[in-house]
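Colleague: Build me a model from this:
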Amino acid sequence: MPHAGFPIEEVAKYPLPGMIGPSKITFSPDDTLVTYLYSRDHTLSADLLAYEVETRKDVLLVQPPGSGDTDENVSREEALRRERLRERATGITQYSWGVGNTQLLVPLQGKIYVKDRPDAPLRLLVDGRGIPVLDPQISPNGASVAFVQDSEIYVVPFPGGTPQQVTHGARENGKIHGLAEYIAQEEMDRQRGYWWSPDSQSIAFTEVDESHIPAYPILHYGQKSDTASSVEEHRYPFAGQANAKIKLGVVSADGGDPIWMDLGEDEDIYLTRVAWLPGGELVAQVENRPQTQLDLIQFDPQTGEGTILLRETSDVWINLNAMFRALKQPREDGGSFIWASERTGFQHLYLYDAEGRLVRPLTQGSWLVDAVVSVDEGEGIVYFNASREGPLESQLYSVSLNGSDIRRITREPGTHTIAIDHKHRRFVDTYQTIATPPVTTLRSLVDGSMLAALHGEPDPRVEQLKLQSPELVTLESRDGVTLHGAVFRPPGHTSPDSTGPYPTIISVYGGPHVQRVTNSWRTVLDMRAQYLANQGFLVFVLDNRGSARRGLGFEGAIKNKLGEIEVNDQIDGVRWLIDQGLADPERVGIYGWSYGGYMSAMCLARAPEVFKVAVAGAPVTHYDGYDTHYTERYMGAPQENPEGYENGSVMHHVSNIRGRLLLIHGLIDENVHFRHTVRLINTLIAARKPYDLLLFPTERHSPRKLADRVYMEERVRDYFLQYL
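Modeller: Have a look, this model is predicted:
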């Protein structure tokens with residue numbers, strides 16, 4: 001009989017159990033405050049708080065007027081930005097410091113609010129008057145705030161005044177100034193389209209032209225009335241088709257004619273990263289369309305002339321990162337900037353001189369660097385997160401710019417998220433393990449010792465719901481590759497010696513840039529897995545090849561053949577469970593969302609002898625219908641790899657399906673269009689294969705409304721109970 005467990009509503013609630021702590025943590029410019037977003041009532045609605053380092057007290061800095069930002073009151077532009085960021089939080093969701101310890105900027109509901117000092121009242125600086133104000137940024141000298149409104153960049157004095165438009169011509173010509181295009185936001189992790197110069201006198205910005213890309217319409221069927229706003233159009237760049245045209249310019253903060261940077265003869269490129277150097281030069285990372293070459297180019301902002309400092313190439317693909325760091329002062333050994341590369345198969349750090357010549361590698365080995373946290377130029381030390389202790393962990397380390405031995409700083413096993421102060425004396429560490437929800441502490445950067453606990457308040461839901469920590473396991477694929485998995489057993493059967501077999505459900509994502517099995521609380525928080533285990537199922541999570549943080553060889557095994565090796569690895573995972581006596585081979589199901597939805601449908605179609613039931617949420621069913629930068633990175637263009645695209649489509653394997661399939665999709669999904677599910681349904685009908693369909697007319701890529709999510713979980717539960 002199923003265990004009672006907890007109410008199904010708990011599966012759909014946010015924040016997730018144990019995840020009520022501080023977020024978006026940073027130090028004030030003078031390091032006297034640790035600022036962070038926090039929900040004092042343990043909901044998604046956050047305030048801006050500060051921890052006073054000397055007094056060890058928490059103080060409220062900003063409580064948003066009204067309800068702050070919500071899914072219901074932000075503009076469509078901001079709602080889409082939240083989709084790109086996977087942002088569910090409400091209230092205050094962004095903030096930034098200005099110079100000194102006297103300026104705070106807080107965007108809310110398409111307006112700009114500021115504080116002149118931490119204890120000053122919140123002051124409205126810019127009211128968009130119905131036209132959303134996007135991506136506000138304080139200038140480095142603190143004198144001004146720039147923002148984007150109606151496709152142009154404006155600058156307003158921080159004390160207040162009339163905003164001055166500094167870019168021109170975008171609206172009249174169907175272009176956009178200062179905002180990152182869809183591909184940059186969704187696939188390149190570039191959320192910005194303009195950048196202040198260090199002296200606050202200039203602004204580098206992008207000009208985006210999407211007018212040549214056919215508009216893809218999304219109809220809001222769920223609206224009550226037939227209005228003009230019931231249709232939204234997106235210039236979506238489908239694989240193999242045209243991308244947006246991008247230019248990079250520099251304009252005076254007072255306005256005027258821009259200087260356009262020379263990005264090269266090839267116009268079909270990706271502008272992936274932009275930064276100013278301390279000396280006033282501009283640098284950009286420019287990637288070719290096949291994503292096998294990445295150039296770091298330095299520009300003279302007065303003339304637009306560019307010089308390639310270094311060129312990174314790959315036989316697999318280039319994974320973008322955010323680890324470029326320009327040093328403020330050249331070193332005696334010529335070191336001028338830090339660069340990260342996967343040239344050895346694992347992402348490591350390298351020191352380069354100002355001419356783009358390699359000085360020395362800083363890290364090396366069969367592990368990878370996750371992020372550069374900070375650089376202490378005075379002491380010549382780089383602080384970074386890495387997987388040196390193993391692929392299931394992320395620890396904080398330091399290494400000298402001289403290339404000396406690496407030192408581990410964080411002490412506890414697990415996964416650590418770090419914020420370091422400006423003087424490199426202290427850091428905030430948020431760590432978590434498979435048995436411990438996130439704990440946030442203030443620590444010494446010298447030896448990692450704890451100085452104070454920050455918001456150690458436990459989440460009562462963790463104890464109330466009696467969440468189980470899954471068993472972390474390793475197994476080998478059919479060709480000898482080590483894979484990591486997590487086993488959720490039914491309550492009362494949590495011992496490794498407990499006997500099965502059990503009806504089994506695979507929880508899958510399986511795609512690149514995601515790792516689900518780690519020594520972290522997030523591995524515990526597959527709430528559907530927790531709930532289904534309470535219903536008597538064994539639930540299994542496996543990171544197949546193609547997943548993140550195992551090196552380029554592990555990830556690149558899927559190149560040009562999506563949906564093949566990933567499926568084989570999941571099959572091997574099921575066979576391992578059967579060999580352990582855990583899985584009933586006649587009762588194996590699978591569920592997933594997005595790439596996981598694709599994987600669920602593919603496993604059902606390509607391995608009908610293994611998988612009997614599949615729940616596929618927002619699946620990509622044919623990659624010719626997905627976007628350029630993501631798809632072509634892994635599959636090339638459809639014109640170059642037609643066989644890979646055909647074999648990698650779910651429709652190609654529909655004739656094999658023998659089990660039950662539930663398809664779930666939001667009708668206004670602007671990422672994985674509902675057309676993917678429609679195309680699969682057409683093929684299922686032609687093949688006379690049964691299917692079930694669950695639609696959410698007013699949801700995008702991931703359901704946000706609580707009622708919709710609860711209803712979805714009920715349907716998924718009932719589907720597995722009925723057919724497994």
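Colleague: could you measure the residue nearest the centre of the chain against residue 549, distance?
Modeller: Nearest to the mean C-alpha position of the chain, by CA atoms, centre = their mean, lies residue 85 at 6.5 Å. Applying CB to CB, to the nearest Å, the value for residue 85 to residue 549 is 21 Å. Bear in mind the C-beta positions are built from the backbone N, C-alpha and C, glycine included.
Colleague: chain center to the strand or helix carrying residue 567: distance?
Modeller: Using DSSP states H and E, residue 567 maps to helix 565-579. Centroid separation between helix 565-579 and its chain, computed with CA atoms, centre = their mean, to the nearest Å, is 27 Å.
Colleague: cool, stretch 132-139 as well?
Modeller: The answer for stretch 132-139 is 21 Å, by CA atoms, centre = their mean.
Colleague: Flag every buried residue along the helix or strand of the chain with the lowest mean pLDDT.
Modeller: One helix or strand of the chain scores below all others by mean pLDDT, DSSP states H and E: helix 76-85, with a mean of 81. Using 16 or more other CB atoms under 10 Å as the test for burial, helix 76-85 gives 77-84.
Colleague: Against which helices or strands is that helix packed?
Modeller: Secondary-structure packing of helix 76-85 (3 or more CB pairs under 8 Å, 6 or more residues apart in numbering; DSSP states H and E): strand 133-138, helix 182-187.
Colleague: Please list the outside residues in contact with the last one.
Modeller: Under the criterion CB atoms under 8 Å, 6 or more residues apart in numbering, residues 81, 84, 190-191, 193, 234-237, 243-244, 270-272, 627-630, 671 lie in contact with helix 182-187.
Colleague: Out of those residues, which sit inside strands?
Modeller: Members of these lying in strands (criterion: DSSP state E): 234, 270-272.
Colleague: List the buried residues for stretch 650-662?
Modeller: Neighbour-count burial for stretch 650-662 [16+ other CB under 10 Å]: 650-654, 657, 659-662.
Colleague: Among the contacts of helix 182-187, the buried ones, what's the PyMOL command?
Modeller: Per 16+ other CB under 10 Å, the buried members of the contacts of helix 182-187 correspond to this PyMOL selection:
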select buried, resi 81+84+190+193+234+235+236+237+243+244+270+271+272+627+628+629+630+671
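Colleague: wait, is residue 556 part of a strand?
Modeller: No - using DSSP: H, G, I helix; E, B strand; the rest coil, the assignment for residue 556 is helix, not a strand.
Colleague: where does the stretch 101-250 of the chain dip in pLDDT?
Modeller: Along the stretch 101-250 of the chain, the parts satisfying pLDDT under 70 run over 225-229.
Colleague: right, and residue 483 touches residue 541 too?
Modeller: No - contact between residue 483 and residue 541 fails when scored by CB atoms under 8 Å: they sit 10.8 Å apart.
Colleague: What is the nearest of the buried residues of helix 76-85 to residue 499?
Modeller: Within these, the smallest distance to residue 499 is 44.9 Å, found for residue 83 (CB to CB).
Colleague: follow-up on the earlier one: orientation of the least confident helix or strand of the chain relative to strand 133-138 in degrees?
Modeller: 70 degrees (axes from the mean of the first three to the mean of the last three CA atoms, to 10 degrees).
Colleague: next helix or strand past helix 76-85?
Modeller: Assigned by DSSP H and E, the successor of helix 76-85 is strand 90-91.
Colleague: Residue 653 should be in a helix, yeah?
Modeller: Yes - assessed by three-state DSSP, residue 653 belongs to a helix.
Colleague: Is it in contact with residue 608, as I believe?
Modeller: No - Residue 653 lies out of contact with residue 608 (CB under 8 Å); the separation is 9.1 Å.
Colleague: in the stretch 251-400 of the chain, which ranges drop under the pLDDT threshold?
Modeller: Filtered on pLDDT under 70, the stretch 251-400 of the chain yields no residues whatsoever.
Colleague: about what we covered before: just send the buried residues of helix 76-85 back as TSV, with distance to residue 500 too.
Modeller: Shown next, in TSV, are these (distance: CB to CB, whole Å):
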residue	distance to residue 500
77	51
78	48
79	45
80	45
81	46
82	42
83	40
84	42
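Colleague: Out of these, which comes closest to residue 698?
Modeller: The closest of the buried residues of helix 76-85, once distances to residue 698 are taken by CB to CB, is residue 79, at 11.8 Å.
Colleague: what's near enough to touch the closest one?
Modeller: residue 71.
Colleague: Which residues belonging to stretch 364-381 are considered buried?
Modeller: 367-376, 380-381.
Colleague: could you say what helices and strands the helix ranked longest in the chain packs with?
Modeller: Using DSSP state H, we find that the single longest helix of the chain is helix 706-723. If you count contacts as 3+ CB pairs under 8 Å, 6+ apart, helix 706-723 packs onto helix 9-12, helix 527-534, strand 583-593, strand 613-617, strand 660-666, strand 692-696.
Colleague: Double-check residue 128 against residue 108; I have them as touching.
Modeller: No - taking contacts as CB under 8 Å, residue 128 lies outside contact range of residue 108: 10.8 Å.
Colleague: How many neighbouring residues does residue 392 have?
Modeller: Around residue 392 there are 23 other residues, counting by other CB atoms under 10 Å.
Colleague: so what's it up against?
Modeller: Taking CB under 8 Å, 6+ apart as the test, what residue 392 contacts is 472, 484, 517-519.
Colleague: May I see these arranged in a markdown table, with neighbour count and distance to residue 20 as well?
Modeller: Shown next, in a markdown table, are these (neighbours: other CB atoms under 10 Å; distance: CB to CB, whole Å):
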| residue | neighbour count | distance to residue 20 |
| --- | --- | --- |
| 472 | 16 | 25 |
| 484 | 21 | 28 |
| 517 | 22 | 24 |
| 518 | 24 | 20 |
| 519 | 20 | 21 |
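Colleague: Nearest to residue 322 among these?
Modeller: residue 518 (20.2 Å).
Colleague: any idea which helix or strand carries the residue nearest to the closest one when sequence neighbours are not counted?
Modeller: Counting by CB to CB, 6 or more residues apart in numbering, residue 518 lies nearest to residue 392, which is 4.9 Å off, once chain neighbours are set aside. Taking DSSP H and E as the definition, one finds residue 392 inside no helix or strand.
Colleague: likewise residue 283?
Modeller: Assigned by DSSP H and E, residue 283 falls in strand 282-288.
Colleague: how's the protein carved up into domains?
Modeller: Annotated domains of the chain cover 329-458, 466-723 [automatic domain parsing].
Colleague: Deepest in the core, which of these is it.
Modeller: domain 466-723 (a mean of 20; mean count of other CB atoms under 10 Å).
Colleague: mean confidence for that one?
Modeller: Confidence for domain 466-723, expressed as mean pLDDT, is 96.
Colleague: What is the end-to-end distance of it?
Modeller: Using CA to CA, to the nearest Å, one end of domain 466-723 lies 27 Å from the other.
Colleague: Tell me who's in contact with residue 661.
Modeller: Residue 661 neighbours (CB under 8 Å, 6+ apart): 601, 604, 613-614, 616, 684, 689-692.
Colleague: Residue 49 too?
Modeller: Per CB under 8 Å, 6+ apart, neighbours of residue 49: 22, 35-38, 58-61.
Colleague: Same check on residue 490?
Modeller: 3, 502, 533-534, 536-538 are the contacts of residue 490 under CB under 8 Å, 6+ apart.
Colleague: tell me the secondary structure for the nearest residue to residue 323 once chain neighbours are set aside?
Modeller: Closest residue to residue 323 apart from its sequence neighbours, by CB to CB, 6+ apart: residue 340 at 3.8 Å. The three-state assignment at residue 340 reads strand, by three-state DSSP.
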